[in-house]
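Participant: Sequence first, then the predicted structure, then my questions.
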Amino acid sequence: IDRADSMLTILEKSHSHESMNAAVAKETKKSNEMQLSFIQLDDPLLLQIKEDILNTNIDILTPVEALMKKVKNFVEKANAVAKKLKKHGMTFNYHNHAFEFTVLENGQSMMDYLLENTDPECFHFIPDVAWIHFAGADPVEYLEKMRGRVKVLHFKDYILVDGERKFCTLGEGLVDLKAC
């Protein structure tokens, strides 16, 4: 979020998409495309994310309390960035995985919290039906909840092999894609 915010500041100051593209290219060093992650538990940068970006000391909290603080902090920052993006004709699009269906201390899933606490005018979703299904949620239900906030949809399918998820050819797995 902080990286996106700093790039938007460059855009606002220069009023130039070329400046924005240069900033993104410098940041990614490969292309002018950027994907930001909220939480990646297997990412070696988790400590930096925890302390620098989310600015939350989670060491003194229970795991559920820590997660709620992270989600609230993310929503606050993401809403601010989404509003800046909208001002420049861009859209904030959030792509889910399975962890967003973890239940928070308030009894909601993280996904439901995101849906209820982000601005529908500028915070959109890229739902991934395989990850929604894998998390134990109903993709059709979540597509309905996201109605009007989806510009891109990830259709994927998966099977379980020895208890592990493996992506497979569409229509050959466990996701009822026709219902989606």
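Facilitator: Sure thing, it's come through. Numbers count the residues shown, from 1 in each chain.
Participant: Contacts made by the helix or strand hosting residue 133 with the rest, please.
Facilitator: Applying DSSP states H and E as the criterion places residue 133 in helix 129-134. Counting by C-beta atoms under 8 Å, 6 or more residues apart in numbering, helix 129-134 makes contact with 96-98, 101, 138-139, 142-143, 153-158, 165, 167, 173-175, 177, 180, all of which sit outside it. All C-beta atoms are positioned from the backbone trio N, CA, C, and that covers glycine.
Participant: could you redo the last one with a cut-off of 6 Å?
Facilitator: With contacts defined as C-beta atoms under 6 Å, 6 or more residues apart in numbering, helix 129-134 is touched by 96, 97, 98, 139, 142, 155, 156, 157, 158, 165, 175, 180.
Participant: Can you give me the buried ones in whichever helix or strand residue 114 is part of?
Facilitator: Per DSSP H and E: residue 114 is located in helix 110-117. Burial within helix 110-117, assessed by neighbour count using 16 or more other C-beta atoms under 10 Å, is assigned to 110, 111, 112, 113, 114, 115, 117.
Participant: Find the nearest non-adjacent residue to residue 172, please.
Facilitator: On the basis of C-beta to C-beta, 6 or more residues apart in numbering, the spatially nearest residue to residue 172 that is not a chain neighbour turns out to be residue 157, at 6.3 Å.
Participant: which ones are touching the one you found?
Facilitator: Taking C-beta under 6 Å, 6+ apart as the criterion, residue 157 is in contact with 130, 168, 170, 173, 175.
Participant: rerun that using 8 Å as the cut-off
Facilitator: Applying C-beta under 8 Å, 6+ apart to residue 157 gives the contacts 130, 167, 168, 169, 170, 171, 172, 173, 174, 175, 177.
Participant: same check, this time on residue 137
Facilitator: Neighbour list for residue 137: 101, 109, 111 [criterion: C-beta under 8 Å, 6+ apart].
Participant: need the strands for the protein, in chain order.
Facilitator: For the chain, applying DSSP state E gives strands covering 92-95, 123-126, 157-161, 164-168.
Participant: what about residue 163, neighbour count?
Facilitator: As a burial measure, the neighbour count of residue 163 was computed by other C-beta atoms under 10 Å and equals 5.
Participant: roughly how far apart are residue 90 and residue 106?
Facilitator: Shown here: residue 90 relative to residue 106, a distance of 31 Å by C-beta to C-beta, to the nearest Å.
Participant: And for residue 155?
Facilitator: The gap separating residue 155 from residue 106 is 31 Å, by C-beta to C-beta.
Participant: Can you list the buried residues in the lengthiest helix in the chain?
Facilitator: In terms of residue count, the longest helix belonging to the chain (DSSP state H) is helix 63-87. Counting neighbours by 16+ other C-beta under 10 Å, one finds that the buried residues in helix 63-87 are 66-72, 74-75, 77-78, 80-82, 84-85.
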